[in-house]
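# attaching a predicted model along with its sequence, questions to come.
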Amino acid sequence: MNGRVTLLGAGPGDPELLTLIGKRRLHEADVVLYDRLIDPSLLAFTSDKASLVDVGKLPEHHKVKQSQINQLLVDYARDGKNVVRLKAGDPYVFGRGGEEAQVLEQQGVVFEVVPGITSAIAGLAAGGIPITHRDYASSFHIITGHHKKDGQKELDWGNIAHQEGTLVFLMGMAQLPTICRELVAHGKEKATPVAVIQWATQWRQKMVTGDLATINDLVARHHISSPALIAVGDVVKLSAQLNVSRPLQGVHVLLPYSKRQRLFNQLVDRGATADFYQRTAKQALTADLTVVDQAPVLLVDSIAAYQQFVNQLVNTGKDLRALTGKKIIALNQVVARHLATAGLIADGVLAEVNLPTDYVELGGEKPLTTGGHFLPLYQKAPHPRQLPFDLAEFNAVVFPSTDSLNDFVLALDDSQRAQLAGLKAFTMGPTISAAATKLGFQEVIDCRSEIKETVKAIEEEFRRD
């Protein structure tokens, strides 16, 4: 039975610019073939069992040839796999998606195309440039600056130079001097505004603006290189007015992935670029729940332990009424808040109560206290994959829990561990702070456990910097 191939556009870089169907297809995928320019955070949307294949290409150097990629798509699909070909931008905007689709159709492979937001539009918007504007441009033209080497004809510069509207060149940095020279030679004024935007929508975004006469010098002076897009036209003038600045602009933060993404949302809304790493999956353990029957107090280590407890309770034909008359103690305020969200109000937190000797601790693989009876409810699966980031590219990492800190460390290789000393760690509680310091972080900022207070602490820290 054949599988399906999805040619999926990842967008210009910001992981939140992925479409909803794109996120769903990544989660469903058995195999993901991904490009160099995609944000590695997107790989956290895949399942633990998915195979990830890096087929990234550098200018003038192809890690995997296009013909090999085509064959991989066909072979995986014929093995019955759901395959995602994850491309930066949109598959059909200079992404060779059309060529891949032709091969799949010719080979009888079921395929679909999920569009992505092209950097030709979103990249300009990230620099405060509307690609069209009634006062400046009523059309736009997207042009590739990169050509096949087998005799493809040159661009029709006479036609391009006389087009009304905005010109956007993708993959054209190596040809920037040629682009400027040819546009002027075929009728464009030297004073025509030009913007060059590198890594649009990402934390490392850089932009310079000038005109056809000055842009090459400005690019060299500010060390702008690929990947970048080139915008030519009067709309570039609007950048100074419309390029919005926010308090955490340029700050790059790493977070654990969660479905609710509340911390992620608040940080990116303040201008930060937040990437996330995959959490380790939890596997349920069968527990003897009869030890709970006579226990006057239950200590809950984590919301995961509580959820597993409730699942097993229901499987035995009981429900939360079995907890009537028992005191529920949360490990800390974070766990207490999660329990409240799940419909259970804790009677206190561990630091504020004295536990009796006959309490039961609901937890994962090992107890966090030394008394009472420990009931292990889950164990962690082997960590799915290595952290796909160079930690030197981040300003900070945030740990909402000790569990998330442990998941992070499990995903590191030796070179990444050596980078911890240069990374700020924001920890949402004193226990997490102590663990982070022990693991090698030299700058640990202990925040209160509330998300709002953590975001405030991050803003204050980087405002000082």
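Happy to help now that I have it. Computed from a predicted model, the values in this text were never measured in an experiment. Numbering: from 1, shown residues only.

# could you use CA atoms for every contact and neighbour count after this?
Fine.

# domain parsing for the protein?
Here the domain parsing of the chain from automatic domain parsing is 4-117, 121-242, 252-280+383-464, 282-380.

# mind putting the ones you listed in CSV, mean neighbour count and mean pLDDT included?
Listed next are the domains of the chain as CSV, based on neighbours: other Cα atoms under 10 Å; pLDDT from 0 to 100:
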stretch, mean neighbour count, mean pLDDT
domain 4-117, 19, 93
domain 121-242, 18, 94
domain 252-280+383-464, 18, 91
domain 282-380, 17, 93
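
# mind listing the strands for the stretch 251-400 of the chain?
Secondary structure of the stretch 251-400 of the chain (DSSP state E, counting those that start in this stretch): strands located at 252-256, 273-277, 282-284, 297-300, 327-330, 348-349, 360-363, 373-376, 378-380, 396-399.

# so which of the ones you listed comes closest to Glu112?
Nearest to Glu112 among the strands of the stretch 251-400 of the chain is strand 273-277; the distance by Cα to Cα comes to 27.6 Å.

# can you show me the helices along the stretch 151-300 of the chain?
157-161, 176-185, 215-221, 239-242, 262-269 (DSSP state H, counting those that start in this stretch).

# okay, these in a markdown table with distance to Ser51 next?
Formatted as a markdown table, the helices of the stretch 151-300 of the chain follow (distance: least, Cα to Cα, whole Å):
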| stretch | distance to Ser51 |
| --- | --- |
| helix 157-161 | 43 |
| helix 176-185 | 38 |
| helix 215-221 | 39 |
| helix 239-242 | 42 |
| helix 262-269 | 26 |
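
# closest to Val110 out of those?
Smallest distance to Val110 across the helices of the stretch 151-300 of the chain (Cα to Cα): 35.9 Å, for helix 262-269.

# the closest one vs strand 273-277, what angle?
150 degrees (axes from the mean of the first three to the mean of the last three Cα atoms, to 10 degrees).

# could you tell me the angle between helix 262-269 and strand 252-256?
Using the same axes, to 10 degrees: helix 262-269 against strand 252-256 is 170 degrees.

# would you mind writing the CA trace of helix 262-269 as CSV?
Taking Å, rounded to 0.1, in the frame of the first residue of the first chain, the C-alpha atoms of helix 262-269 are listed here in CSV:
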residue,chain,number,x,y,z
ARG,A,262,1.5,30.4,27.1
LEU,A,263,5.0,31.5,27.9
PHE,A,264,6.0,31.3,24.2
ASN,A,265,3.1,33.5,23.2
GLN,A,266,3.9,36.2,25.7
LEU,A,267,7.5,36.4,24.8
VAL,A,268,7.0,36.6,21.0
ASP,A,269,4.3,39.2,21.5
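
# quick one: contacts of it?
With contacts defined as Cα atoms under 8 Å, 6 or more residues apart in numbering, helix 262-269 is touched by Leu248, Leu255, Thr273, Ala274, Ile451, Val455.

# so how far is Ala392 from Ala418?
Between Ala418 and Ala392 the computed distance is 10 Å (Cα to Cα, to the nearest Å).

# and for Ala322?
Separation of Ala322 from Ala392 (Cα to Cα): 50 Å.

# swap in Val310?
Going from Val310 to Ala392 by Cα to Cα gives 42 Å.

# try Lys65
Separation of Lys65 from Ala392 (Cα to Cα) stands at 30 Å.

# now swap in Ala10 and tell me
Distance of Ala10 to Ala392, given as Cα to Cα: 24 Å.

# ditto for Leu331
Distance, Leu331 to Ala392, using Cα to Cα: 33 Å.

# and the residue most central in space within the chain, what does it touch?
In the chain, the centroid-proximal residue (Cα atoms, centre = their mean) is Ser41; its distance is 2.8 Å. Listed by Cα under 8 Å, 6+ apart, the contact set of Ser41 reads Pro15, Asp275, Phe276, Tyr277.

# how does it look with 10 Å?
Neighbouring residues of Ser41 by Cα atoms under 10 Å, 6 or more residues apart in numbering: 13-16, 254-255, 257, 274-278, 387-389.

# likewise Arg246?
Listed by Cα under 10 Å, 6+ apart, the contact set of Arg246 reads Val268, Asp269, Arg270, Gly271, Ala272.

# over to Asp39?
Neighbouring residues of Asp39 by Cα under 10 Å, 6+ apart: Ala10, Gly11, Pro12, Gly13, Asp14, Pro15, Ala88, Gln202, Asp275, Pro388, Phe389.
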